[in-house]
Every structure is written in C-alpha cells, then in structure tokens.
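1. generate coordinates for the sequence data below:
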Amino acid sequence: MRKEFTTLFWQRAYDSLPKQVRGQYLTQMKAAESWELALADLIKLWSRAKNAILKLFQTPSRAH
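-> Residues are numbered from 1 along each chain as shown. Take a look at the predicted model:
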C-alpha cells in the first residue's frame with residue numbers, strides 16, 4: 001500500500017473511514033494535514049525568531 005499521508009495521525013484517520021467514502025475526503029484530509037504541518041513550521045519559526053530577538057535585547061552579564 002502506498003503511503004498517502006506524511007503523519008501517522010492523518011493516515012490512521014483516513015484508514016478509519018469506510019472504504020466507500022475515503023475518496024470523498026482524501027483531498028480535504030490531505031489539505032488539513034498540509035495546513036497542520038505548515039502551521040507547526042510557522043510556530044517553530046516564530047519561536048526561534050522570538051528567542052533570537054529576546055537574546056539581542058538581554059542585558060549583558062557583568063564580568064567579574
């Protein structure tokens with residue numbers, strides 16, 4: 001069987017559908033997975049950018 005989805009969650013969700021309706025929902029489920037992966041990447045990017053910005057504005061520690 002060819003793997004339809006990137007994530008196990010969406011593959012299992014698709015496999016849990018009755019075979020006679022899988023074709024009706026494949027496009028929507030692949031789009032939902034794509035949105036989920038893109039959002040996760042955006043959250044990671046935002047987190048890294050935020051941490052980098054915060055690090056720029058940190059007060060330098062005093063040398064002893």
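
2. give me the neighbour count for Met29.
-> 18 (other Cβ atoms under 10 Å). Heads up, the C-betas are built off the backbone N, CA and C, glycines and all.

3. okay, it and Ile53: tell me how far apart.
-> 36 Å (Cβ to Cβ, to the nearest Å).

4. please apply the same query to Leu8.
-> Distance from Leu8 to Ile53, by Cβ to Cβ: 34 Å.

5. Glu36 now?
-> 26 Å.

6. also Tyr25?
-> 41 Å.

7. what about the two, which has more around it?
-> Tyr25 (13 against 9).

8. quick one: mean pLDDT for the one helix or strand that one maps to?
-> Using DSSP states H and E, Tyr25 sits in helix 22-56. What helix 22-56 shows for mean pLDDT is 95.

9. packing partners for that helix?
-> Packing partners of helix 22-56 (3 or more Cβ pairs under 8 Å, 6 or more residues apart in numbering; DSSP states H and E): helix 8-16.

10. quick one: the helix it packs on to chain centroid distance?
-> 15 Å (Cα atoms, centre = their mean, to the nearest Å).

11. mind listing what's buried in it?
-> The neighbour-count check on helix 8-16 (16 or more other Cβ atoms under 10 Å) flags Trp10, Gln11, Tyr14 as buried.
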